[in-house]
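Colleague: The sequence and its predicted three-dimensional model are supplied below.
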Amino acid sequence: MALVLRVACNRLGNCKISFMSDKQKGLVEAICILFPNAKTRYCVRHLYANFKKAGFRTKELKDLLWKAARESTTKEFEDAIDELRKTNQHTYDWLKEKNLTHWSRSHFSIRGHSDMLVSNLSESFNKMILEARGKPILTMMEIIRIKIMLLIVKKK
């Protein structure tokens, strides 16, 4: 897949691409090497899972994390993160260790074409193509094409 993306980016010129991940070890580093101009983001749902593992389990803290992630201006973000800091300093400290450009909409690059915070779309797509993934490339592409065409027909 990386090869396909690199070839496409080379043919398109200055490719403006963003990758969203669950922060899997080595993935962000590999993306930075293969696609030095790409932007990387973390799925906030996965960030929240790590947030809970760190001991921040209350509904109030969850809501404040999501509020901060969703804010679209830095002023709104600072207000939300300040509210979180006043509620729980440890939570604030934990979040401040995370790069804001990876999880906060207000800090996303303006060149991106999406401000999605979660990777649900790609996870749904991966589930849909599960049976095709082990097939030879042409067979895989044909299965995916048929599945997408069936979805389009179903939605009409």
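Modeller: Okay, I see it.
Colleague: and the residue nearest the centre of the chain, helix, strand or coil?
Modeller: Of all residues in the chain, the one closest to the mean position by CA atoms, centre = their mean is Met20, 2.9 Å from it. When classified by DSSP: H, G, I helix; E, B strand; the rest coil, Met20 comes out as strand.
Colleague: likewise Cys32?
Modeller: helix.
Colleague: can you give me the strands for the chain?
Modeller: 18-21, 39-42 (DSSP state E).
Colleague: Pairing partners for the first one, with directions?
Modeller: Partners of strand 18-21 in the sheet, by DSSP bridges, are strand 39-42 (parallel).
Colleague: Could I get the average pLDDT for the strand it pairs with?
Modeller: The predicted model gives strand 39-42 an average pLDDT of 80.
Colleague: same question, stretch 60-78
Modeller: Rounded mean pLDDT across stretch 60-78 is 95.
Colleague: Please apply the same query to stretch 148-156.
Modeller: 82.
Colleague: Equivalent analysis for stretch 107-120, please.
Modeller: 64.
Colleague: Number the chain from 56, please
Modeller: Fine by me, first position is 56 from now on; the one you just mentioned is stretch 162-175.
Colleague: can you pull out the helices in this structure?
Modeller: 57-67, 82-89, 99-108, 114-125, 129-142, 144-151, 155-158, 175-183, 192-210 (DSSP state H).
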